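**Student:** Just a sequence and a predicted model for now, questions to come.
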Amino acid sequence: MAKYGYDDGMLLHVIGATETALGQMNQVNSAVLGISGQMPVVNNSTSGVKLAGLLGDWSSDYQKIVTQLSELNTKAQGLLQLNRNIEVETGGAAQ
């Protein structure tokens, strides 16, 4: 039975999706860091400076996204545990 509007299946889906997204974000960030490390060497022009600024924006945005995904994952895990605790405490009577 869905408690608080989210059943275990939905919460497990959210948990899995956020974990997948975090992994993908880490892969993209590694690629971006690799590019940004090469920027001063390969492109010291005006456009290179602008691109370096945008890569700096990415770094800030990346941290915000990862933090929010992690928080969502933690909240979904907490709600899943709460649902399961309620199920145990009521002996399934809530169904």
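**Tutor:** Noted; the coordinates are in hand. Keep in mind the model is a prediction, meaning the values are calculated, not measured.
**Student:** Can you tell me the number of residues neighbouring residue 82?
**Tutor:** By other Cβ atoms under 10 Å, 13 other residues sit near residue 82. Every C-beta, even on glycine, is put in place using the N, C-alpha and C of the backbone.
**Student:** Now do the host helix or strand of it: distance to the chain's middle.
**Tutor:** Counting by DSSP states H and E, the element that carries residue 82 is helix 46-90. Mean-position distance between helix 46-90 and its chain equals 4 Å (Cα atoms, centre = their mean, to the nearest Å).
**Student:** likewise stretch 14-26?
**Tutor:** That offset, for stretch 14-26, works out to 5 Å (Cα atoms, centre = their mean).
**Student:** burial of residue 18, as a residue count?
**Tutor:** When neighbours are defined as other Cβ under 10 Å, residue 18 has 20 of them.
**Student:** how close does the residue nearest to the spatial centre of the chain sit to residue 26?
**Tutor:** For the chain, residue 69 is the residue whose C-alpha lies nearest the centre (Cα atoms, centre = their mean; 2.8 Å). Noted for residue 69: a distance of 11 Å to residue 26, by Cβ to Cβ, to the nearest Å.
**Student:** Cool, thanks, signing off.
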